[in-house]
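S.K.: next comes the sequence, and after it the predicted model I'd like to discuss.
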Amino acid sequence: MQVVFNRGSSVKFSSSRTLQTKVRSRSTKYREAKTRAFETDAPVDPSYDKKFPSPRERRRAGILIHPTSLPGPYGIGDMGPEAYAFIDWLSKANMQIWQVLPLVPPGRPVPGIRENYWSPYSGSDASCGNPLMISLDLLVRDGLLSAQELPASYSDNYENQQVDFQLVANINEPLIRKAVHSLSQRSTSDTLKQEFERYCSRDDVQLWLNNAALFNAISEIPDLRGKDWWDWPEELRDREDSAMRKISVSYKSEIEDFKITQFLWQKQWLELKCYANECGISILGDMPIYVGGHSADVWANKPLFQLDENCKPESVAGTPPDAFSSDGQLWGNPLYRWRAHEEDSFSWWNGRMKRCLELHDEVRIDHFRAFSAYWSVKADAETAKGGEWRNGPGLQFFKVLTQNFDSLPIVAEDLGVITQDVTELRKDIGAPGMVVLQFAWGSDGNNPHLPHNYDENSFCYPGTHDNETSEGWYNSQDTDTRRRLEAYTNMSSRSGSWILIKCAMASISKSCVFTMQDVLSLGNEARMNTPGVAEGNWAWRIGSPGFFKTIDREAEKLSHLAVVYNRARDGESKEAINVASLALTKRRRFFERGLFS
């Protein structure tokens, strides 16, 4: 015979006297009373019939699309009218999450010097925003450009649906600089100028903005363009005070322009985020665990990274060999000196997390497993094969960070080969993990990506930005895999993506997220990224301005599934409020100058 104590722990006993002795050895009356409540034939607690299980966590669904993939007339998705139209569409579709990729300035090529491919995962600063996302229309709204200065629409090749990043930089950036100069010349009594000055005076902003502006100014010196910062002259590499003062004076206007550009980016993004939040939509950001080597983050914080005596990376990040790569993956990011971070109470990470949660409501941490153990490769290695596992900061990292935040709304990217310690760390901090339906059908019934094996505290994806589109994936599967999928879901459809969308909606995962390509049933021509392939990524766009007015049917399908599977907003049903009318009211409050007519 057994008596259960405290949710599943148990103790064997041979008599009621033995039980009483064990109970009384517990020092508090509370525990004694709780134990008696479970004693066989004893009266239950008077409040017994008021004790019910905790309510299940709120169920949600959302869409993954990067802002640069949105429609717009000026070559790239931006934070202007079409972004607001997308949020209206999300609201109509009963979606509660907008997931984005890193918002940082993407890695830029320097012709003839540095190869780079506009990846948002190889930015030059972890805290800056991508200036190419700045809306020219909103610069007109703020009086920083005139409507006559705007270029004619040059997104004419909508059939191709690709961003030409270099073309966008060539056309849009001179106009952004013109707007920046317009603000810099305004008087100190100007409201927007005062807002900029307050922004620059914030302690948390100064932690990253000053270093980022200096780094950018030095990087643009003609003789240094394309050089890694550790190859700069020693006085600049080592940030000698006299050299920094000289740069600050010689490049004062460039530094000021950089700061104003970041201010304008943040102003537009936070306005958009505020609008999304008022529509009941949470912004889910993406934080790569590592930062780029050629970045202000490393340059300004050398002791926190594994660098040699010449400031070059000593060991770099990657992943070990696996079934997909016999050499592993060599990423090249400098690794952290976790002990140095710990001695500094993880203050750099505290600032980074604070910045991230200013720009987003919750954040997915890419390569979460490195907090438990990371793969370390010598910087001069040609492949990652010869690396070794080293311990990360583990639970202590999160214990320290949680002292500075009311909550840490983290999503742990825990895909790939995940060891028990990583799973335990994720569960210890209560973070949801990720499951991907495209990974579910290649093994037996114990596959963790099959819905019957899910943990409720998870995010379910048909596929992510790193996968094939679900339609492309489905079309490439053999007959047996398709039959297994259709038998498992009890669905057959001409659209494989909608089979997976419905499967994700029906799953126990508290959140599910779909790429916009999957909602539109697009094939692999619309794929966002192919890991291991340098060129041709990140450029997909959804369509021409006004596109979201043409996909009401998809919004209705998503809204119906959200209602059926209890992922609709609180109180929503098929007879939901008139979202379109509500959106128009909110738009008028945000913008009063006719941009959204």
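M.R.: Received the coordinates, thanks.
S.K.: how about the secondary structure of Gly386?
M.R.: coil (DSSP: H, G, I helix; E, B strand; the rest coil).
S.K.: ok, it touching Lys378?
M.R.: Yes. Using Cβ atoms under 8 Å, Gly386 is in contact with Lys378, at 7.1 Å. (Glycine included, C-beta is placed from N, CA and C.)
S.K.: quick one, domains of the chain?
M.R.: Taking automatic domain parsing as the reference, the chain has its domains at 2-50, 60-590.
S.K.: can you add mean pLDDT and give those back as CSV?
M.R.: Converted to CSV, the domains of the chain look like this (pLDDT from 0 to 100):
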stretch, mean pLDDT
domain 2-50, 54
domain 60-590, 94
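S.K.: take those and lay them out in JSON lines including mean neighbour count.
M.R.: As requested, the domains of the chain are exported to JSON lines (neighbours: other Cβ atoms under 10 Å):
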{"stretch": "domain 2-50", "mean neighbour count": "11"}
{"stretch": "domain 60-590", "mean neighbour count": "18"}
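S.K.: give me phi/psi at Ser315?
M.R.: Main-chain torsions, Ser315, degrees, to the nearest 10: phi -130, psi 150.
S.K.: what residues are bridge-paired with it?
M.R.: Lys378 (DSSP bridges).
S.K.: let the chain start at 42 from now.
M.R.: Sounds good: first residue 42 from here, last item Ser356.
S.K.: that one and Tyr377, how far apart?
M.R.: Relative to Tyr377, Ser356 is positioned 10 Å away (Cβ to Cβ, to the nearest Å).
S.K.: now the common contact residues for those two.
M.R.: Gln347 (Cβ atoms under 8 Å, 6 or more residues apart in numbering).
S.K.: before we move on, which element is Trp430 in?
M.R.: Trp430 belongs to strand 429-432 when assigned by DSSP states H and E.
S.K.: with just CA atoms, put that strand into PDB.
M.R.: Below are the C-alpha coordinates for strand 429-432, written out as PDB (Å, rounded to 0.1, in the frame of the first residue of the first chain):
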ATOM      1  CA  GLU A 429      35.300  19.600 -29.100                       C
ATOM      2  CA  TRP A 430      32.300  20.100 -26.700                       C
ATOM      3  CA  ARG A 431      32.800  22.600 -23.900                       C
ATOM      4  CA  ASN A 432      30.500  23.500 -21.100                       C
END
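S.K.: I'd like the next helix or strand past that strand.
M.R.: Next in line after strand 429-432, if elements are assigned by DSSP H and E, sits helix 436-443.
S.K.: which secondary structure elements does that following helix contact?
M.R.: Packing contacts for helix 436-443, counted by 3 or more Cβ pairs under 8 Å, 6 or more residues apart in numbering; DSSP states H and E, involve helix 379-384, helix 388-400, helix 461-469.
S.K.: which residues are contacting it?
M.R.: So helix 436-443 is contacted by 382-383, 386-387, 390-391, 394, 412, 449, 466, 469-470 (Cβ under 8 Å, 6+ apart).
S.K.: at 7 Å what do you get?
M.R.: 383, 386-387, 390-391, 394, 412, 449, 466, 469-470 (Cβ atoms under 7 Å, 6 or more residues apart in numbering).
S.K.: cool, and stretch 297-310?
M.R.: For stretch 297-310, the external contacting residues (Cβ under 7 Å, 6+ apart) are 120, 169-170, 172, 174-176, 179, 217-218, 220-221, 224-225, 237, 240-241, 250, 254, 257, 400.
S.K.: elements contacting the strand holding Trp430?
M.R.: Contacting strand 429-432 under the criterion 3 or more Cβ pairs under 7 Å, 6 or more residues apart in numbering; DSSP states H and E are the following elements: strand 414-419.
S.K.: next, the angle from the strand it packs on to helix 461-469.
M.R.: 130 degrees (axes from the mean of the first three to the mean of the last three Cα atoms, to 10 degrees).
S.K.: got the contact list for strand 414-419?
M.R.: By Cβ under 7 Å, 6+ apart, the surrounding residues in contact with strand 414-419 are 356-361, 371, 376, 425, 427-433, 462.
S.K.: what about the strands in the stretch 442-591 of the chain?
M.R.: Secondary structure of the stretch 442-591 of the chain (DSSP state E, counting those that start in this stretch): strands located at 451-453, 474-477, 499-502, 552-556.
S.K.: the third one - contacts with which helices or strands?
M.R.: So the one you mean is strand 499-502. Using 3+ Cβ pairs under 7 Å, 6+ apart, strand 499-502 sits against strand 474-477, strand 552-556.
S.K.: tell me where the stretch 142-291 of the chain has strands.
M.R.: Counting by DSSP E, counting those that start in this stretch, the stretch 142-291 of the chain contains no strands.
S.K.: which residue ranges of it form helices?
M.R.: Here the stretch 142-291 of the chain has its helices, by DSSP state H, counting those that start in this stretch, at 177-182, 206-225, 232-242, 244-260, 275-278, 282-291.
S.K.: which strands and helices sit next to the first one?
M.R.: Right, helix 177-182. Using 3+ Cβ pairs under 7 Å, 6+ apart, the elements in contact with helix 177-182 are helix 206-225.
S.K.: could you point out the helix or strand that follows the longest helix seen in the chain?
M.R.: Under DSSP state H, the helix in the chain containing the largest number of residues is helix 293-319. With elements assigned by DSSP H and E, the helix or strand that comes after helix 293-319 is strand 323-329.
S.K.: show me what that next one is packed up against.
M.R.: strand 138-140, helix 388-400, strand 403-407.
S.K.: can you put the ones you listed in CSV and add distance to Asp282?
M.R.: Supplementary listing: those in CSV, determined by distance: least, Cβ to Cβ, whole Å:
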stretch, distance to Asp282
strand 138-140, 43
helix 388-400, 21
strand 403-407, 35
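S.K.: gap between the closest residue to Pro172 other than its chain neighbours and Lys133?
M.R.: Of all residues beyond its chain neighbours, the one nearest Pro172 is Thr302 (5.3 Å), with distances taken as Cβ to Cβ, 6 or more residues apart in numbering. Using Cβ to Cβ, we find Thr302 at a distance of 33 Å from Lys133.
S.K.: in JSON lines: the contacts of helix 436-443, plus distance to Met328.
M.R.: Formatted as JSON lines, the contacts of helix 436-443 follow (distance: Cβ to Cβ, whole Å):
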{"residue": "Glu383", "distance to Met328": "19"}
{"residue": "Ser386", "distance to Met328": "20"}
{"residue": "Phe387", "distance to Met328": "14"}
{"residue": "Trp390", "distance to Met328": "10"}
{"residue": "Asn391", "distance to Met328": "13"}
{"residue": "Met394", "distance to Met328": "8"}
{"residue": "Phe412", "distance to Met328": "12"}
{"residue": "Leu449", "distance to Met328": "12"}
{"residue": "Leu466", "distance to Met328": "16"}
{"residue": "Asp469", "distance to Met328": "19"}
{"residue": "Ile470", "distance to Met328": "15"}
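S.K.: what about the nearest residue to Asp279 once chain neighbours are set aside, which helix or strand?
M.R.: Spatial nearest neighbour of Asp279, excluding adjacent residues (Cβ to Cβ, 6+ apart): Cys352 at 7.6 Å. Using DSSP H and E, Cys352 sits within no helix or strand.
S.K.: who are the neighbours in contact with Cys352?
M.R.: 271, 278, 343.
S.K.: the first one reaches Pro354, doesn't it?
M.R.: What it means is Trp271. No. Counting by Cβ atoms under 7 Å, Trp271 stays clear of Pro354, with 8.3 Å between them.
S.K.: direction included, what does the helix or strand containing Gly103 pair against?
M.R.: Using DSSP H and E, Gly103 falls within strand 101-105. Each strand paired with strand 101-105, and its direction, by DSSP bridges: strand 138-140 (parallel), strand 552-556 (parallel).
S.K.: now for the strands of the stretch 442-591 of the chain, which one comes closest to Pro161?
M.R.: Evaluated over these, closeness to Pro161 peaks at strand 552-556, with 15.1 Å, by Cβ to Cβ.
S.K.: could you check the angle the closest one makes with strand 323-329?
M.R.: Interaxial angle, strand 552-556 versus strand 323-329 (the same axes, to 10 degrees): 70 degrees.
S.K.: alpha carbons of strand 552-556, as PDB, please.
M.R.: This file holds the C-alpha atoms of strand 552-556, laid out as PDB (Å, rounded to 0.1, in the frame of the first residue of the first chain):
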ATOM      1  CA  SER A 552       1.700  28.000 -30.100                       C
ATOM      2  CA  CYS A 553       2.000  27.200 -33.800                       C
ATOM      3  CA  VAL A 554       3.600  29.400 -36.400                       C
ATOM      4  CA  PHE A 555       3.400  29.100 -40.200                       C
ATOM      5  CA  THR A 556       5.600  30.700 -42.800                       C
END
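S.K.: if anything else comes up later, I'll come back, but that's it for now.
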